[in-house]
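Q: Below are the sequence and a predicted model for it; my questions follow.
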Amino acid sequence: MTQTKTPATEKWLLNEIARIKGEQAKLDAQRAVLKEQLAHIEALCKEHTRMLQALKATLTVVSKGATVELARVVRAHREIGGRGALVGWLKAHLEGVSPASVSEQVLMDRFCASARMRFWTDAEREEYFNNTFRSQLRRLKRQGVLEQVDVYVGGRYRSQWRWRSATATLAQLREKAGLVAEQEQAWP
């Protein structure tokens with residue numbers, strides 16, 4: 001049986017056609033997911049519009065001085081369990097993995113997975129990370145619950161967080177040693 005050799009131009013054209021078909025299949029799958037998400041968002045918008053109209057009507061009946069313009073925009077995440085849920089999760093998680101330290105990004109990923117939070121854009125995720133998540137980590141650090149450590153990873157120092165244990169630090173041990181030495185010298 002003899003085989004015929006496929007000319008290079010035809011081989012290239014067939015290869016390009018196959019590549020484009022593959023990319024088109026991926027795009028079609030993404031389009032289907034986006035259509036589903038868009039339908040969900042439109043349903044939520046309709047529901048929120050109805051609720052907003054009802055709340056505005058109630059406000060005009062209940063209060064004469066308050067107007068809708070007084071209400072600022074607030075980004076609520078009901079999925080995470082209400083007020084204080086992020087702080088509670090951070091404490092429980094970092095105490096659970098103690099004495100290990102965890103990077104901010106890994107903490108954020110784990111929290112979002114456990115709270116089933118979804119961000120539609122990277123900018124939205126970054127905004128939540130900078131304005132809420134990181135600020136709570138720093139608040140817990142100021143309270144003395146967490147500590148920030150620099151870990152050498154991949155040729156750079158990277159900031160990680162860990163539960164602050166009850167064990168004494170080296171400075172505290174030196175201070176105690178100094179007090180013991182003073183007491184021994186004062187002993188008759």
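A: Thanks, I have it. Numbering: from 1, shown residues only.

Q: any weak-confidence spans in this structure?
A: Within the chain, the segments meeting pLDDT under 70 span 1, 74-82, 167-170, 179-184, 186-188.

Q: Domain map for it?
A: The chain breaks down by automatic domain parsing into domains covering 15-63, 79-170.

Q: which residue is nearest the middle of the chain?
A: With distances taken as C-alpha atoms, centre = their mean, Met108 lies nearest the centre of the chain, 3.3 Å away.

Q: residues touching it, list them.
A: Neighbour list for Met108: 129, 133 [criterion: C-beta atoms under 8 Å, 6 or more residues apart in numbering]. Using the backbone N, CA and C atoms, a C-beta is placed for each residue, glycine as well.

Q: how about 10 Å then?
A: Contact analysis of Met108 by C-beta atoms under 10 Å, 6 or more residues apart in numbering lists 102, 117, 125, 128-129, 133-134, 137.

Q: Buried among those? Make that a PyMOL selection.
A: Filtering the contacts of Met108 down to the buried ones (16 or more other C-beta atoms under 10 Å) takes a single PyMOL command:
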select buried, resi 102+125+128+129+133+137
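
Q: I'd like the contacts of Met108 laid out as CSV, including secondary structure.
A: Formatted as CSV, the contacts of Met108 follow (DSSP: H, G, I helix; E, B strand; the rest coil):
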residue, secondary structure
Val102, strand
Met117, coil
Arg125, helix
Tyr128, helix
Phe129, helix
Phe133, helix
Arg134, helix
Leu137, helix
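
Q: which one among the contacts of Met108 gets closest to Thr9?
A: Of all the contacts of Met108, Arg125 has the smallest distance to Thr9: 46.3 Å, by C-beta to C-beta.

Q: Specify the helix with the largest residue count in the chain.
A: With DSSP state H setting the assignment, residue counts place helix 8-62 as the longest helix in the chain.

Q: on contacts alone, who are the packing partners of it?
A: Helix 8-62 sits against no helix or strand, with contacts defined as 3 or more C-beta pairs under 10 Å, 6 or more residues apart in numbering; DSSP states H and E.

Q: Helix or strand next in line after it, which one?
A: Sequence order places helix 85-97 as the next helix or strand after helix 8-62, per DSSP states H and E.

Q: Give me the helices and strands touching that following helix, please.
A: strand 102-103, helix 104-115, helix 134-142, strand 146-153, strand 156-163.

Q: who wins for proximity to Gln24 among those?
A: Across the helices and strands packed on helix 85-97, Gln24 has its closest neighbour in helix 104-115 (31.3 Å, C-beta to C-beta).

Q: Fine, thanks again, bye for now.
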